[in-house]
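1. here is my input; please provide its structure:
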Amino acid sequence: MNKTVRFGVSLNEELLNKFDNFITERAYPNRSEAIRDLIRENLVKKEWAKGKEVAGAITLVYDHHRRDLVNKLTDIQHDFHDLIVSSQHIHLDEDNCLEIIAVKGSPKKIEQLAHKMRSTKGVKHGSLTPATTGKGLV
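-> This next block holds a predicted model:
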């Protein structure tokens, strides 16, 4: 079990006020939880930069009526099958679909997959949300 350690932080008043506003906007219960979350966010960025095994989600919005688009996106996913953990296809309306693809592997390969899918003609919006496998975080 990890031991909780208390420490003090000195900030100028203006920065502290901005931090407190951030805490309120994000509905953190206290400063400690906000600080923990910010530290973890930076550790995840570091994992991605170091090339460690990471996880993430690719989201796409596209018109499924677009000729051959669904087949192209499926082919791309098969080319990167070793990264894809799961995918979910959601019908937003009669024309638009949302696809969420959970990925795990090398950051570089995940970014290649995301760029390839996002840049496919007919994709209206695409994003990559970096995450962690959780192995290195407390």
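
2. got the domain boundaries for this structure?
-> 13-50, 54-131 (automatic domain parsing).

3. which residues touch the nearest residue to residue 95 once chain neighbours are set aside?
-> Closest residue in space to residue 95, ignoring its immediate chain neighbours: residue 63 at 5.2 Å, by CB to CB, 6 or more residues apart in numbering. The way it works is simple: take the backbone N, C-alpha and C, and place the C-beta from them, glycine included. Counting by CB atoms under 8 Å, 6 or more residues apart in numbering, residue 63 makes contact with 69, 95, 96, 97, 122, 124.

4. could you pick out the buried ones from those?
-> Among the contacts of residue 63, those classed as buried by neighbour count (16 or more other CB atoms under 10 Å) are 69, 97.

5. dihedrals phi and psi, the spatially closest residue to residue 70 that is not a sequence neighbour?
-> In space, and not counting its chain neighbours, residue 70 is closest to residue 64: 5.8 Å by CB to CB, 6+ apart. Backbone torsions of residue 64, given as degrees, to the nearest 10, read phi -70, psi -10.

6. and the helices in the chain?
-> Ranges of helices in the chain, per DSSP state H, are 13-25, 31-50, 69-79, 107-118.

7. give the buried residues for the shortest one.
-> Put plainly, it is helix 69-79. Quick answer for helix 69-79 (16+ other CB under 10 Å): 69, 70, 72, 73, 77.

8. check the last one too.
-> Neighbour counts using 16+ other CB under 10 Å place 107, 110, 111, 113, 114, 116, 117 of helix 107-118 among the buried residues.

9. give me the neighbour count for the closest residue to residue 113 other than its chain neighbours.
-> Counting by CB to CB, 6+ apart, residue 80 is the residue found nearest to residue 113 once chain neighbours are left out, at 4.4 Å. Counted with other CB atoms under 10 Å, the neighbours of residue 80 add up to 19.
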